[in-house]
Structures are given as C-alpha cells and as structure tokens.
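Asker: Show me the folded form of this:
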Amino acid sequence: MESAWLAQRIGEPTARGIAAALTDLIRQGTVTAQTRLPTVRSLARELGVSSGTVAEAWSELRRHGMIHTDRRRGTVVLGPPDVPRPIRYERIGHWGDRLAIDLAIASPDPALLPPLEAALIAAAGAEGLNDYARETITPRLRAAVEPDWPFPARGWLAVGGGYEGVQLLCQTTALPGDRIAIEEPTAARLLDILETIGVQIVPVACDEEGPVPESLAKALRARPVAFVYQPRGQSPCGHAVTAGRSAELAALLEPTSTLIVEDDGIGELSVSPMVSMGTRFPDRTVLVRSYSKSHGPDLRIAIIGGAADAVERVRVLRSFGIGWTSRILQDTLAHLLGDAEVRERVAHARTVYAGRRARLKSELAERGVPTGGGDGLVLWVPVREESAALVTLAAHGISVAAGSRYVIGPAATHHLRLATARLTDDPGELADLADVITLAARGGLSGGS
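Answerer: Next up is the predicted model:
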C-alpha cells in the first residue's frame, strides 16, 4: 500500500482518526488481509504529523488484532477487529478420542468436592433475596471468611472467581502503557489478562522460596503500578513464599507506592501457610482468594479483601455490569465454610491432592527428572525440547500444557506443566505414566532416545 493512497483516505490526522479510517477500510474489505501497510515514517510524512502519532494508531489497531508487525514483512493487515482472545489459555490442544489421560487442565477432582445441596437450600431460604441492593459481600460470607484473613482488610468484595478478581484489580489500577510486575513463569491466564488490558509486563524471576529479591528490585526500578504474585501454591512452579522471603520483598516494596496483589488461587487446598504482605502494608495490599477448587467451580466465587480504595475501584467498575455476585451463591459458600463436615472434607481433599502430587514428583525424581516446588496442583517438568515432548506424550494419549504458555517471551529452558489433582492412585499406573513422562522429558537429554 502506498502511503499517499492511505493518507488521502484519512480525514482526521490524529492517532484516533488514523486508526478509525483504517478500521473502516478493513471492515469494508477495501484493505484486505495480508496487505502490507506503509512505514510509520512515510505515512507520518504524507500526513504532516509526527511518527509518534502514527505509531500510536498502529498500537491501537494491533491491540484489536487488526494488524501485526514483524521485522521481515513490516506491518501487515490481519483482518477486521476481533474480541481479544486469551491465546495462552486457549492453546491447550484437542486430541479427540485418542486422549486417555488429561494432565492439561488443573481442575479439582469432583469426587473430593463437598456436596452443595444442603448449602444451596439453606442459602435459598435466607432473608433479603430478590432485592436490587448492591451488596458487595453478604454479612454471612464476610463473617465466615474474615476470621481466617491474614490481615485486617478495609474493603471486601465477592467476585466471580479468582481470575476475575485479579483482572479487575489490574484493570482499575493500570492505564494502557503502565507497567505491572509479575512472577515469571506464572499462570497463563494472568499473562493473557495483562496483555489484553494493554500494560507492559515486567518479569520477576522466582526460585523455591518465591520471587527473587534481586529480580524484584530490578523490576521496581521500572516503577510498576502493581506487583502481582502468588504467595502459595504457585502455578506453574509449585513454590510458596516463606516468611523470610516475604520480609525481603517487603523491604524492597516499602519505599514505593506499588499496589500489591496477592493471588491465592487454591486457597484452602494449599499445604503451605499463608504469608501475606498485607500484615505490613494493609493500605496497599489486596488478597484475592478463590474457592473454586476447594468448594466447587460452579460457585464462581472469590473474595477480594484488602486496601479500601483498590477494592472500591473494582466495585465501581462492576456496577456498570453485573453489579453484585448472587447472594444465593455467596451464602452457599458461607454455609459450606461454617459446616464442620465440609471442613473435614476439604482437609481430606488437601491431603489427597498433596499425596498425588508428591507421588508423581517422587516417581519422576527416581528417574532423574527434577520438578521442584512442594505445593499446588501442578508439576513444572523440565524437558529437552517442548514440541518433541508434547508429541511424545500425545502419541501415548496424554495431554499436558506447554511451558511456553507460562512465560512472557522465549525461555532459555523448556518445560511442561502437568496437572496432578486427578492423577491415578494406582501405583502401577502411576509408574507407567512416569515412564512416559520421563521418555518425553529426556527426548535426547543425554544424546537422544
């Protein structure tokens, strides 16, 4: 495409005007997919504007999936605007009837979840239903969760799951172009969320005790508006932040104004104690605790508790749409949390999940495949080459998640993420599974096999 041709069709030479004009041309089919656009500099010259103005327009079009830029081809048209998609989260694979063992999705074992019938009946009979009052959290649910909250929360809100909580906190804290620091590797959906809201992701390396202080110090020099991390049961690595490491991180965060977002994704299923920086910074820490894996995915509930202003911003944003989380679902969770038998069932599930994870970890260690981490519902398995390992496992009817989904850019080493919550409890079957995983992991690690 000639820059002069495009410039003639742009009525308003601003970033918004350029983006709008090109969007119309793409929607109408006048500009088709794979069309190479003029360079930023040449179009800016034709329009008599700065290169930064055109670059801003290109950035907006790129965010909506209409154009793509690479070094060899320049900037090309992909097609009409589309809803941003969680690419990492959706890149799981569909194996059809060949799939025998699914280790890709870290979902709870239905046999270990508490029954919901009695709790739903109790909640459906509660007073105050069918009222349009926007209740951020019901009194029963707050009374159930507050005693175990690791720090005094000034604001409370029930939301539709842990990822919604993290997304809304990031969305209401950061403007497009702002920086957010996050562990690497981290949950694939967290990376999708941050990319979708248009922030710059600043990676923080981790070890067995959590985020590495030196790496966080480097990240903080970029002045991120928020630091998002998982204090325990970290996915995909399985580490938990120790009290000593938390103190080191807090010392680095103390002179900043960075919002601290703690994502407690497995909550009561974690075998590690909760160490929260909210005990030091209650006015700028928010804990997001999910109950989906411990008490049932269909409850769709997580609790946000912490800094009042951050929680209030989320409440305001939600008021444009859903407004509040169903009081029936909130009080169902409250009933479950207060039931002694349910507490015993969740404690049993925690033990079972920990055992399944530990047994596969041990089997792989015996075969020379280290996995690290001691908490969570997944294992982070090093492999020689990701694609080859995926093919090997697929050939044996085993689906796993590619490690590349959990990092920001190309990684120096390759990994697979294995979900462990639904592993077999049969020792022989587990040994056979470990053999196949080892075969996939090695794939030439010592010269090939």
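Asker: For residue 195, see how far away residue 321 is.
Answerer: Counting by Cβ to Cβ, to the nearest Å, the separation of residue 321 from residue 195 is 22 Å. C-beta: built from backbone N, CA, C; applies to glycine.
Asker: go on, residue 285?
Answerer: Counting by Cβ to Cβ, the gap from residue 285 to residue 195 is 24 Å.
Asker: got it, and residue 121?
Answerer: On the measure of Cβ to Cβ, residue 121 and residue 195 end up 42 Å apart.
Asker: the more surrounded of those two?
Answerer: residue 195 (17 against 11; other Cβ atoms under 10 Å).
Asker: Pick out the residue nearest the middle of the chain.
Answerer: Nearest residue to the geometric centre of the chain (Cα atoms, centre = their mean): residue 190, 2.4 Å.
Asker: My read is that it contacts residue 234, right?
Answerer: No: the criterion here is Cβ atoms under 8 Å, and residue 190 misses it with residue 234 at 11.1 Å.
Asker: Show the contacting residues for the residue nearest to the centre of the chain.
Answerer: 163, 166, 182, 228, 263 (Cβ atoms under 8 Å, 6 or more residues apart in numbering).
Asker: So which of the residues you listed sit within strands?
Answerer: Among those, the ones falling in strands (DSSP state E) are 182, 228, 263.
Asker: helices or strands next to the helix or strand hosting residue 204 in the packing?
Answerer: Using DSSP states H and E, the element containing residue 204 is strand 200-207. Where contact means 3 or more Cβ pairs under 8 Å, 6 or more residues apart in numbering; DSSP states H and E, strand 200-207 is packed against strand 179-184, helix 188-196, helix 213-220.
Asker: mean confidence for that strand?
Answerer: Averaged over strand 200-207, pLDDT sits at 96.
Asker: Which segments of the protein make up each domain?
Answerer: Segmentation of the chain into domains, based on automatic domain parsing, reads 3-77, 87-110+342-442, 134-338.
Asker: buried residues in the helix or strand encompassing residue 58?
Answerer: Element membership of residue 58, judged by DSSP H and E, is helix 51-63. Under the neighbour-count criterion of 16 or more other Cβ atoms under 10 Å, helix 51-63 has 53, 54, 56, 57, 58, 59, 60, 61, 62, 63 buried.
Asker: so where's the stretch 51-200 of the chain shaky on pLDDT?
Answerer: For the stretch 51-200 of the chain, the stretches flagged by pLDDT under 70 are 71, 83-99.
Asker: which stretches of it form strands?
Answerer: Assigned by DSSP state E, counting those that start in this stretch, the stretch 51-200 of the chain shows strands spanning 67-70, 74-77, 101-102, 155-159, 179-184, 200-207.
Asker: want to try a markdown table for the domains of the chain, with distance to residue 116 as columns?
Answerer: Below are the domains of the chain laid out as a markdown table (distance: least, Cβ to Cβ, whole Å):
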| stretch | distance to residue 116 |
| --- | --- |
| domain 3-77 | 39 |
| domain 87-110+342-442 | 10 |
| domain 134-338 | 6 |
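Asker: can you list the weak-confidence ranges in the stretch 301-449 of the chain?
Answerer: Applying pLDDT under 70 to the stretch 301-449 of the chain picks out residues 444-449.
Asker: That one: helices as residue ranges?
Answerer: With DSSP state H, counting those that start in this stretch as the criterion, the stretch 301-449 of the chain has helices at 308-318, 327-338, 340-366, 386-395, 427-442.
Asker: Mean neighbour count, those: which tops it?
Answerer: helix 327-338 (a mean of 23; mean count of other Cβ atoms under 10 Å).
Asker: could you give the angle of that one to helix 340-366?
Answerer: Taking axes from the mean of the first three to the mean of the last three Cα atoms, to 10 degrees, helix 327-338 and helix 340-366 form an angle of 80 degrees between their directions.
Asker: quick one: contacts of helix 327-338?
Answerer: Outside helix 327-338, the residues that touch it by Cβ under 8 Å, 6+ apart are 114, 116, 118-120, 122-124, 126, 128-129, 135, 137-138, 140-141, 143-145, 158, 291, 295, 299-301, 342-343.
Asker: Quick one: work out the angle between it and strand 155-159.
Answerer: Using the same axes, to 10 degrees: helix 327-338 against strand 155-159 is 110 degrees.
Asker: now helix 327-338: how far from the chain's centre is it?
Answerer: Counting by Cα atoms, centre = their mean, to the nearest Å, helix 327-338 is centred 25 Å from the centre of its parent chain.
Asker: Next: stretch 434-444.
Answerer: Distance, stretch centre to chain centre, for stretch 434-444: 28 Å (Cα atoms, centre = their mean).
Asker: State the distance from the residue nearest to the centre of the chain to residue 180.
Answerer: From residue 190 to residue 180 the distance is 10 Å (Cβ to Cβ).
Asker: Now for the two: what residues contact both?
Answerer: Counting by Cβ under 8 Å, 6+ apart, the contacts common to residue 190 and residue 180 are residue 228.
Asker: ok, now which ones touch residue 77?
Answerer: Contacts of residue 77 (Cβ under 8 Å, 6+ apart): 26, 31, 32, 33, 34, 35, 37, 66, 67.
Asker: Look up how far residue 29 lies from it.
Answerer: In terms of Cβ to Cβ, residue 77 sits 11 Å off from residue 29.
Asker: One more: residue 362?
Answerer: Separation of residue 362 from residue 29 (Cβ to Cβ): 59 Å.
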